[in-house]
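Engineer: I would like to see how this sequence folds:
(chains A and B)
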There are 2 protein chains.
Amino acid sequence: MTDLLESLRRELGDIVDCSPETLETARADRSGHRSAERPLAVVHARTVDDVQRTMRFASRTGTPVVVRGAGTGLAGAANAGPGELVLSTALMTGILEVRADDLIAVVEPGILNGDLNAQLAAHGLWWAPDPASRDISTVGGNIATGAGGLLCAKYGVVHDAVLGIDLVLADGRMLRLGHRTVKGVTGLDLTSLVIGSEGRLGVVVGATLKLRRLAQGAICTITAMFPTVRDAAAGAAAVTAAGVQPAIMELMDAASLAAVHALLALPSPAPHAAQLTIQTDGPAAREEAAVIGRVLEAAGGVVAITDDPAEGERLLQVRRAMHPAMASLGTTLIEDVAVPRSAMPAMFDEIARIERQHGVSIPTVAHAGDGNLHPNFIFDGDEVPAHIWAAADELFRAAIRLGGTLTGEHGIGMLKSRWLAEELGDDQWQLQRDIVRVFDPQGILNPGKVFLGA
Amino acid sequence: MTDLLESLRRELGDIVDCSPETLETARADRSGHRSAERPLAVVHARTVDDVQRTMRFASRTGTPVVVRGAGTGLAGAANAGPGELVLSTALMTGILEVRADDLIAVVEPGILNGDLNAQLAAHGLWWAPDPASRDISTVGGNIATGAGGLLCAKYGVVHDAVLGIDLVLADGRMLRLGHRTVKGVTGLDLTSLVIGSEGRLGVVVGATLKLRRLAQGAICTITAMFPTVRDAAAGAAAVTAAGVQPAIMELMDAASLAAVHALLALPSPAPHAAQLTIQTDGPAAREEAAVIGRVLEAAGGVVAITDDPAEGERLLQVRRAMHPAMASLGTTLIEDVAVPRSAMPAMFDEIARIERQHGVSIPTVAHAGDGNLHPNFIFDGDEVPAHIWAAADELFRAAIRLGGTLTGEHGIGMLKSRWLAEELGDDQWQLQRDIVRVFDPQGILNPGKVFLGA
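Structural biologist: Reported below is the predicted structural model:
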C-alpha cells in the first residue's frame, strides 16, 4: 500500500492528499451513509491532464477510483472506502465559454451550480437544473447523478440540459461525446448514457450545457393550505389536469411543515394540515396564478397569492428549510421515489399505511408537478437501522407497484443497489452491467456502486 | 435459401411475405438510395410475440434482420438487401393507453405520427416531435432515427419526448426500458441510447411517450423576404438573439423558393430573394410576433404578420411543399447538417462556395431556430453520382469545422457511415461499436448500417 502511494506521489506530485481530515471527509456524502474505512488518498485534479494521468496510473495498478465533486450526493455514490483512490474534480471550476447567441456554455465539472448561474445571470442566461443543493453541488455531480430539482416539470432535468460531455475513460483516453448544436443524431447518444451513470462509465471533465434565457415577466407565488396531505395531493393533481404549467409546485405534509415551522420559529400549523407552494413565471404568470388559485380553492384549499418576488422567495424559504429541519431531528435517510402524477394521492396513502404498520414517522415533501416524493426517515447514528430499511423497502415496492421508480433524481449509489434488479429485471440489469464493462473492462471505476457486487 | 424460407414460413405462417412488390419496396426508403438486390422476405408482425419469434428464428439461423416501419427514412437505414430478412412493425398501430392526467401515451411502433396526433387532439393533447414526414412516418421510425422537425427549438425532439421503450433484443428477449414518470434516474438511461440507434440495438415494440397539452391562445405567422439568403440567416440569428422563442422558424433560400413557387404556380420571387416563415404560439403569441416583426424589419426584411390560423397554414404550405418541389426536379439527396445557430450565415457562405467550386446547385432550407440545414442535391437515376458525393463531402467537413454535426435529424444509415468516424473519432467509434455488440453479439441487427463494415 505504501509502495502504491509512493509511486502515486512520484507520478502526480503534490496534488495527492493523504491528510486524515481529507480522507475522513471522502468517506461520506450527505446520504447519512459512510464507508467502512478511509480511502487510500485523494487526488485534487486541476486539469484534464491530471485526470488522465490519474486514470492511467489506476489502470496500470488496478486501483479502484471513486470520482468526487462536492460530496453532496444523497445515495452514497461518491463515498470512498479502503483501498480506493478518490479523484476529486472540485478544483476544476472554470467556465470556458458562454455563448448567448447559441445558448450554450462550456464548463469544467467542479463549478458549483449556483456559482455558474450567478455568472450566467450577467449574460441574461441560466442553466435550468436546480437541485435543492444547487448552492453547494457541482455541475459534474449534477451530471453524474442526472439531478432534478424544483423547476423540472416546466424547465426539465439535467438530461434535458446537456448537449455534450468530455469523458476520460478508465484507461485515461478522452472522448468528446455529443455536440454543440440543438439537434444532433450522429451515432449513439452516449451523452445521455453518461448522465446519471454515477461514476461508473468515466470521469466527466467538461460539459457543453444547453442554456435558457432568464424568464421575463412577473413571478407569482401561491400558497394553499389543505386539511390533509391527501387533499393537497389531489389539489396538485387538479392543477396539472387544468392544463396550466407552474414553474414550481411543492407539497409539504403535516410532519414536514411542523418541523420547518419549529426550526424557523413560525406559528404552528393546524394538525394534519398540508401545504402547496406554487410559482408561475413567464409572460402569462399572473393569469396562470389566478387560474391555479381558483382550482385550489375549488379543491378545498385556503389560498394566498402574491406577485411580490421578495414575498414569494420568503414563502419558498419554508420549503427550502426542509433539509435543515430534518437534520435538526436526527440522521436523515432522504428517499426519492417518483410516481405518475395521478398516483400521488395513492402514494401518500401508502406512506400513511407504512407509517402505521412500522410505527415510524415519515415526513414527506414532494415536487408535486412531476410526481417526485422525498419521504424522510429519521434515526440516530451513522448506519440506517434495519427497521428503517424494512419500512423503506415497502415504500420502494409501493412506488414500483404504482407505476413509479426507485429514484427520481438522487440515484442508486450504494443505498438502493439492492433494489435495482427488482425495477430493471435481471436481463436488463445484466445488459447494463455489460455496457459498464465496455467503458471500463477492468472494473476500476466506482466498483460496487449502482450494480451491487459488480 | 429456400430451406431457410420454408423453415421461416413453417414457424411464422402467413405473416411471411415474399411477393415481388413487397420485396422490391423494402429495398428503398426516401433517401434516393436502393439496395443491390431484393431481400429474402418481409415479416409483417402484428404482435410483440411475432417480433420475438422472428428474432429467435433469426438468431438461431444467423439471419440478418432489417427492422422497418413506413420506409420514409432519408439515410437508407431501413433499406434491405440480399440475404436479409425484413421485420416490419407497420401493422402494430395500437394506442394502448392515453393518460391526460399524467401526460403520457403508450403506443405500438407502427402508428403514424399524424394519426397518433389526430387521436390525441381529441384529448387536448399532442406529441410534439413533428418531422416533415409526420403524416407518413411511424412513431417507431421517429424513435429509431431520433427524429426532429419544425417545432424543435421550442418543443424539443424525440429525445425529449419518450419516457420508456419496450425493446426486443436480437435473441428475442424483451426489455422494458425507462419509466412512466417525469423524473427517473434508476440505472443507465438505455431509453435515450435506443433513440436514434437506427435499428442496431433491438426492435422497438412499444413506447411510453411524454405528451404536451395543445397550445392555448393565438397562432401568429410572420413572413419576411430578404434580398439574399445571408441576410435571411442573419435575421433568424437576430430573432434568437432577441430572446423571443418562435414555435417555428423556417428559412428558404432563393433556389428552394423558386422551385416551390413554380410547383405551386405562385408568382416568381425576386432573384436571390430568401424567405423566413415564423410562427409564434402560446399566451404571448401576439406580443412575440410583434417583437419578431420589428427585429426582422431592422434586419432588412419585408415583413407581413397574420393571426389568422388558416392564412398562417397557407403561408407554411410554401415550406411544406419543399420535398415535392425538389422531387419534381429529379432524384434528391436531402442533406441534414446542423451547426450552432450563430454559424448559420457562415454555413450558407460555405454552401455558396461549394456550389461555385463544384458547379452544382444546392437548394437549401433550414430549421433556422435550431441551426439545422437541409441542403438538397438533385441528380438523375438511383445512385448518387460521384461528383455529388464530392460536393456533399465538402459540405459535411464544413459543418463539422463550424462546430456542427453530420446529421441533425435524419441519421447516419448507409449514406453517411463513411463520415461517422471523422466526427466521433476512432476511439469513440470503436466504443459505440462495442456497445452494439453487447445488445447484439451475433451482429444480426441491421449489419453495416451506421457503423461502416460492422
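Engineer: can you list contacts of the helix or strand of chain A with the lowest mean pLDDT?
Structural biologist: In chain A, no helix or strand scores lower on mean pLDDT, DSSP states H and E than helix A:152-155, which sits at a mean of 88. Identification of contacts with helix A:152-155 by C-beta atoms under 8 Å, 6 or more residues apart in numbering or on different chains yields A:128-129, A:212, A:245-247, A:249, A:367, A:369-370, A:372, A:409, B:182-183. Heads up, the C-betas are built off the backbone N, CA and C, glycines and all.
Engineer: so what's whatever residue of the stretch 51-200 of chain A ends up closest to chain B up against?
Structural biologist: The nearest approach of the stretch 51-200 of chain A to chain B comes at A:Ser192, 3.3 Å away (C-beta to the nearest C-beta). A:Ser192 makes contact with A:His159, B:His159, B:Asp189, B:Ser192, B:Leu193, according to C-beta under 8 Å, 6+ apart.
Engineer: do the same with A:Arg56
Structural biologist: By C-beta under 8 Å, 6+ apart, A:Arg56 lies in contact with A:Asp171, A:Gly172.
Engineer: same question for stretch A:370-380, mean pLDDT?
Structural biologist: Stretch A:370-380 shows a mean pLDDT of 94 in the predicted model.
Engineer: Figure out how far it is from the centre of its chain.
Structural biologist: Distance of stretch A:370-380 from its chain centroid, counting by C-alpha atoms, centre = their mean, to the nearest Å, is 13 Å.
Engineer: Any part of it near chain B?
Structural biologist: Yes - using C-beta under 8 Å from any C-beta of the partner chain, we find that stretch A:370-380 touches chain B at A:Asp370, A:Gly371, A:Asn372.
Engineer: May I have that stretch exported as CSV, CA atoms only?
Structural biologist: Extracted in CSV, the C-alpha atoms of stretch A:370-380 (Å, rounded to 0.1, in the frame of the first residue of the first chain):
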residue,chain,number,x,y,z
ASP,A,370,-43.6,15.9,-11.5
GLY,A,371,-44.7,13.2,-9.0
ASN,A,372,-41.3,13.1,-7.2
LEU,A,373,-41.6,12.4,-3.5
HIS,A,374,-39.0,12.8,-0.8
PRO,A,375,-40.1,10.7,2.2
ASN,A,376,-37.7,11.2,5.1
PHE,A,377,-36.7,8.6,7.6
ILE,A,378,-35.1,9.9,10.8
PHE,A,379,-32.8,7.9,13.0
ASP,A,380,-29.7,8.1,15.3
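Engineer: how about that stretch: buried residues?
Structural biologist: For stretch A:370-380, burial by neighbour count (16 or more other C-beta atoms under 10 Å in any protein chain shown) applies to A:Asp370, A:Gly371, A:Asn372, A:Leu373, A:His374, A:Pro375, A:Asn376, A:Phe377, A:Ile378, A:Phe379.
Engineer: Setting aside sequence neighbours, what's the nearest residue to A:Pro283?
Structural biologist: Distances taken as C-beta to C-beta, 6 or more residues apart in numbering or on different chains place B:Ala284 nearest to A:Pro283, at 3.7 Å, with adjacent residues excluded.
Engineer: I should have written A:Ala161 there, sorry.
Structural biologist: Nearest non-adjacent residue to A:Ala161 (C-beta to C-beta, 6+ apart): A:Lys210, at 4.9 Å.
Engineer: how about A:Thr145, what does it touch?
Structural biologist: A:Gly73, A:Ala75, A:Ala77, A:Val158, A:Gly196, A:Glu198, A:Glu409, A:His410, A:Gly411, B:Val185.
Engineer: From A:Val157, how far off is it?
Structural biologist: Between A:Thr145 and A:Val157 the computed distance is 10 Å (C-beta to C-beta, to the nearest Å).
Engineer: Spit out the residues that contact the two alike.
Structural biologist: Shared contacts of A:Thr145 and A:Val157, defined by C-beta under 8 Å, 6+ apart, comprise A:Glu409.
Engineer: In terms of pLDDT, where does the residue nearest to A:Pro283 sit?
Structural biologist: Note for B:Ala284: predicted pLDDT of 85.
Engineer: Give me the phi and psi for it.
Structural biologist: Here is the backbone geometry of B:Ala284 (degrees, to the nearest 10): phi -100, psi 20.
Engineer: Does it touch A:Ala285 like I think?
Structural biologist: No - at 10.7 Å, B:Ala284 and A:Ala285 do not qualify as touching, with contact defined as C-beta atoms under 8 Å.
Engineer: Mind telling me what element A:Leu8 is part of?
Structural biologist: helix A:2-12 (DSSP states H and E).
Engineer: quick check: mean pLDDT across whatever helix or strand comes next after that helix?
Structural biologist: Next in sequence after helix A:2-12, counting helices and strands by DSSP H and E, comes strand A:16-17. Strand A:16-17 shows a mean pLDDT of 98.
Engineer: Which elements pack onto strand A:16-17?
Structural biologist: Packing partners of strand A:16-17 (3 or more C-beta pairs under 8 Å, 6 or more residues apart in numbering or on different chains; DSSP states H and E): helix A:2-12, strand A:41-44.
Engineer: let's see it at 6 Å
Structural biologist: Packing partners of strand A:16-17 (3 or more C-beta pairs under 6 Å, 6 or more residues apart in numbering or on different chains; DSSP states H and E): strand A:41-44.
Engineer: What helices and strands are in contact with the strand it packs on?
Structural biologist: Packing partners of strand A:41-44 (3+ C-beta pairs under 6 Å, 6+ apart): strand A:16-17, strand A:85-88.
Engineer: and the next helix or strand along the chain from that strand, which residues are buried?
Structural biologist: Using DSSP H and E, the next helix or strand after strand A:41-44 towards the C-terminus is helix A:48-61. For helix A:48-61, the neighbour count (16+ other C-beta under 10 Å) marks A:Val48, A:Asp50, A:Val51, A:Gln52, A:Arg53, A:Thr54, A:Met55, A:Arg56, A:Phe57, A:Ala58, A:Ser59 as buried.
Engineer: The last one is in contact with A:Asp171, isn't it?
Structural biologist: Right, A:Ser59. Yes - using C-beta atoms under 6 Å as the test, A:Ser59 is close enough to A:Asp171 to be in contact (4.7 Å).
Engineer: A:Thr405 contacts B:Thr186, correct?
Structural biologist: Yes - counting by C-beta under 6 Å, A:Thr405 does reach B:Thr186; the two are 5.0 Å apart.
Engineer: which residues does A:Gly32 contact?
Structural biologist: A:Gly32 makes contacts with A:Thr331, A:Thr332, A:Leu333, as judged by C-beta atoms under 6 Å, 6 or more residues apart in numbering or on different chains.
Engineer: Contacts for stretch A:234-247, please.
Structural biologist: Outside stretch A:234-247, the residues that reach it (C-beta under 6 Å, 6+ apart) are A:151, A:154, A:249, A:251, A:276, A:278-281, A:288, A:291-292, A:295-296, A:299, A:301, A:341, A:345, A:368-369, B:101, B:213.
Engineer: Quick one, which of those are buried?
Structural biologist: Neighbour counting with 16+ other C-beta under 10 Å marks A:151, A:154, A:249, A:251, A:276, A:278-281, A:288, A:291-292, A:295-296, A:299, A:301, A:341, A:345, A:368-369, B:213 as buried within the contacts of stretch A:234-247.
Engineer: sorry, back to before: and the residue nearest to A:Ala161, how far from A:Asp166?
Structural biologist: Distance from A:Lys210 to A:Asp166, by C-beta to C-beta: 16 Å.
Engineer: ok, those two, which is more surrounded?
Structural biologist: A:Asp166 (21 against 18; other C-beta atoms under 10 Å in any protein chain shown).
Engineer: Okay, and the more buried one sits in which element?
Structural biologist: strand A:162-168.
Engineer: before we move on, what about A:Leu276?
Structural biologist: A:Leu276 belongs to strand A:274-280, assigned by DSSP H and E.
Engineer: Measure how the helix or strand following that strand sits relative to strand A:274-280, angle-wise.
Structural biologist: On the C-terminal side of strand A:274-280, the nearest following helix or strand under DSSP H and E is helix A:285-298. Using axes from the mean of the first three to the mean of the last three C-alpha atoms, to 10 degrees, the inter-axis angle of helix A:285-298 relative to strand A:274-280 is 160 degrees.
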